[in-house]
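> all I have is the shape, not the residue letters:
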């Protein structure tokens with residue numbers, strides 16, 4: 001443990017949503033001080049009730065923090081909280097660290113890195129893999145790139161989120177890995193839905209078809225995690241259709257620019273577009289598993 005790491009007790013958090021709330025609460029439970037910011041007053045009320053200090057802007061979060069975490073929905077918001085009029089680049093101190101846990105494009109992340117390079121603070125890209133239950137239990141997989149010494153300095157803090165930490169390099173490598181994983185996550189419900197509907201049309205009970213998959217060589221942790229949702233067809237969101245579609249779009253943009261054929265991703269993205277057009281963008285992305293029934297006799 002370095003001298004810097006022993007002093008990094010004051011944390012800031014920007015973006016206290018579905019994943020940010022349980023993760024920031026875990027920090028406080030582990031004994032770290034927390035100052036938080038979110039534009040949603042309800043999110044702020046919940047985190048302050050849990051013991052955090054409220055800030056009125058990202059800049060206010062950063063001015064006293066040793067480590068600033070951010071978890072925001074998209075490129076534009078990340079760029080705004082870093083380099084906007086009230087962004088953290090205005091106030092973050094040399095020697096501190098900005099850790100971004102969002103899923104964003106490598107291009108936007110590189111722009112953040114350029115801004116942060118002039119502040120004297122380190123910048124870690126740390127998108128996470130896992131569900132809200134993993135966030136609550138501290139069992140996420142952390143995909144990390146950026147200055148390796150800063151990763152080592154923050155080892156104790158990052159372990160609060162998950163012990164499985166994978167380091168990929170000094171630049172935007174973690175962003176690429178996260179998009180690669182999310183391409184597969186986005187396609188998976190469409191494949192599961194097709195297989196389940198095939199079984200149901202042959203007379204299998206829906207629950208039986210789902211359990212058969214979950215106990216076969218085709219089983220995945222994601223499929224098992226979503227089993228109850230698949231059986232009940234209750235699409236209350238854990239991760240929304242809009243959010244996963246956004247991640248697929250980020251990957252497809254890179255594929256288009258670099259002439260990488262992303263055939264399956266592109267096809268399944270159209271299923272998400274149909275859900276969004278029908279007003280289902282706020283439902284859980286696993287609703288795309290219902291696509292084989294669209295326009296069929298069971299609709």
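That came in fine, so what should we check first? Since this is a predicted model, take the numbers as computed values, not measurements. Residues are numbered from 1 along each chain as shown.
> what about residue 181, distance to residue 143?
8 Å (C-beta to C-beta, to the nearest Å). From N, CA and C alone the C-beta is placed, and that goes for glycine too.
> same check, this time on residue 190
Residue 190 is 24 Å from residue 143, where distance means C-beta to C-beta.
> and the two? Which one has more around it.
Set residue 190 next to residue 143 and count neighbours by other C-beta atoms under 10 Å: residue 143 wins out with 25 against 21.
> need the nearest residue in space to the more buried one, chain neighbours excluded.
Spatially, and ignoring its direct neighbours in sequence, residue 143 is nearest to residue 174 (4.4 Å; C-beta to C-beta, 6 or more residues apart in numbering).
> what helices and strands are in contact with the helix or strand that contains that neighbour?
Using DSSP states H and E, residue 174 sits in helix 173-201. The contact analysis (3 or more C-beta pairs under 8 Å, 6 or more residues apart in numbering; DSSP states H and E) places helix 173-201 against helix 106-116, strand 122-125, strand 141-145, strand 164-169, helix 206-214, helix 221-225, helix 241-258, helix 263-277.
> in a markdown table: those, plus mean pLDDT and distance to residue 197.
What follows is the helices and strands packed on helix 173-201, written out as a markdown table (pLDDT from 0 to 100; distance: least, C-beta to C-beta, whole Å):
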| stretch | mean pLDDT | distance to residue 197 |
| --- | --- | --- |
| helix 106-116 | 98 | 36 |
| strand 122-125 | 98 | 38 |
| strand 141-145 | 98 | 31 |
| strand 164-169 | 98 | 34 |
| helix 206-214 | 98 | 8 |
| helix 221-225 | 95 | 15 |
| helix 241-258 | 97 | 19 |
| helix 263-277 | 98 | 13 |
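> deepest-packed of these, please.
Mean neighbour count (mean count of other C-beta atoms under 10 Å) peaks for strand 122-125 among the helices and strands packed on helix 173-201, with a mean of 25.
> show me where pLDDT drops low in the chain?
Along the chain, segments meeting pLDDT under 70 span 1-7, 295-299.
> can I see the domain layout of it?
Residue ranges for the domains of the chain, per automatic domain parsing: 3-171, 177-293.
> which one of the ones you listed is the most hemmed in?
domain 3-171 (a mean of 19).
> gap between that domain and the chain center?
12 Å (C-alpha atoms, centre = their mean, to the nearest Å).
> cool, and stretch 180-187?
Relative to the centre of its chain, stretch 180-187 is centred 12 Å away, using C-alpha atoms, centre = their mean.
> got the contact list for it?
103, 129, 143, 222, 244-245, 247-248, 251, 262, 264-265, 268-269, 272, 285 (C-beta atoms under 8 Å, 6 or more residues apart in numbering).
> nearest to residue 164, out of the residues you listed: which one, please.
residue 129 (8.7 Å; C-beta to C-beta).
> show me what that closest one is bridged to.
Beta-bridge pairing of residue 129 under DSSP bridges involves residue 141.
> from residue 223, how far off is it?
Distance of residue 129 to residue 223, given as C-beta to C-beta: 15 Å.
> now residue 250
Distance from residue 250 to residue 223, by C-beta to C-beta: 23 Å.
> if I pick residue 17, what's in contact with it?
Contacts of residue 17 by C-beta under 8 Å, 6+ apart are 38, 40, 43, 71, 73.
> and which of those residues is nearest residue 85?
Nearest to residue 85 among the contacts of residue 17 is residue 38, at 17.6 Å by C-beta to C-beta.
> for that closest one, what are its contacts?
Residues near residue 38 by C-beta under 8 Å, 6+ apart: 14, 15, 16, 17, 20, 44, 47.
> and the second one, how far from residue 116?
In this structure, residue 15 lies at 17 Å from residue 116, with C-beta to C-beta as the measure.
> cool, residue 290 as well?
As judged by C-beta to C-beta, residue 290 and residue 116 stand 43 Å apart.
> repeat for residue 104
Computed as C-beta to C-beta, the residue 104 to residue 116 distance reads 14 Å.
> same check, this time on residue 220
According to C-beta to C-beta, residue 220 and residue 116 sit 36 Å apart.
> go on, residue 238?
Counting by C-beta to C-beta, the gap from residue 238 to residue 116 is 31 Å.
> what does residue 110 give?
To residue 116, residue 110 is 11 Å away according to C-beta to C-beta.
> residue 130 too?
26 Å.
> now do the same end-to-end measure for stretch 96-103.
22 Å (C-alpha to C-alpha, to the nearest Å).
> where does the closest residue to residue 240 other than its chain neighbours land in three-state SS?
Excluding its sequence neighbours, the residue lying closest to residue 240 (C-beta to C-beta, 6+ apart) is residue 282, at 5.5 Å. Following DSSP: H, G, I helix; E, B strand; the rest coil, we place residue 282 in the coil state.
> cheers, nothing more for now.
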